[in-house]
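> next comes the sequence, and after it the predicted model I'd like to discuss.
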Amino acid sequence: MSTAEAVIALLRERGWTIGVAESLTGGDLVSALVSVPGASNALRGGVVAYATPLKHSLLGVDAALLAAHGAVHPEVARQMAEGVRAAVAVDGKPADVGVSTTGVAGPDPQDGQPVGTVHIAVATAAGTGIRSFLLEGDRPEIRRQASDAALHAVHETLLDQGRDGE
């Protein structure tokens, strides 16, 4: 079973939903989830906020944070993950899980951060976890690794929260 399949299975088992906010992965993460049969029962949707201003206007990332640090920052990832839960709300109910990716796939550094810098956040009602990486490889490889890391982060969060009885 792939990680995407495991994530969808856990979400469906709990009756939970997920929203995805992507920057450097450009839709790859939501595409991996959509490829799983039955994903429509858990996946609410995704936002590809590739341009920095969209992180503010669509996902509610603090404009002052973006102005001070740029889009490649762990706090930006946190706010994206929390913001996408609300962005994909249905009838006023946010998604149970929000996941985000932001970083630098290359070919050039961005916001003073080296190529391969990636921040991933997973938000639930219980809180938000952030993971940061310095990945190696070319642009497609960094993007693939970032999508894989995000899927693993969601999977681990779901397993941890299941153990905690939440």
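It's in. Everything numeric here is computed off the predicted structure, so don't read it as measured data.

> how about the helices in the protein?
Remark: helices assigned in the chain by DSSP state H are 3-14, 28-34, 52-57, 63-69, 74-87, 139-163.

> by contact count, what packs against the shortest one?
Meaning helix 52-57. Counting by 3 or more C-beta pairs under 8 Å, 6 or more residues apart in numbering; DSSP states H and E, the packing neighbours recorded for helix 52-57 are helix 63-69, helix 74-87. (Glycine included, C-beta is placed from N, CA and C.)

> who does the residue nearest the centre of the chain bridge with?
The chain has residue 100 as the residue nearest its centroid, 1.9 Å off, counting by C-alpha atoms, centre = their mean. In this entry, residue 100 is beta-bridged to residue 21, residue 121, by DSSP bridges.

> make sure it is actually in contact with residue 128.
No - between residue 100 and residue 128 there is no contact under C-beta atoms under 8 Å: 9.5 Å.

> now the common contact residues for the two.
Overlap of the contact sets of residue 100 and residue 128 (by C-beta atoms under 8 Å, 6 or more residues apart in numbering) consists of 78, 81, 121.

> which one among those residues gets closest to residue 42?
Checking these against residue 42 by C-beta to C-beta gives residue 81 as the nearest, at 16.3 Å.
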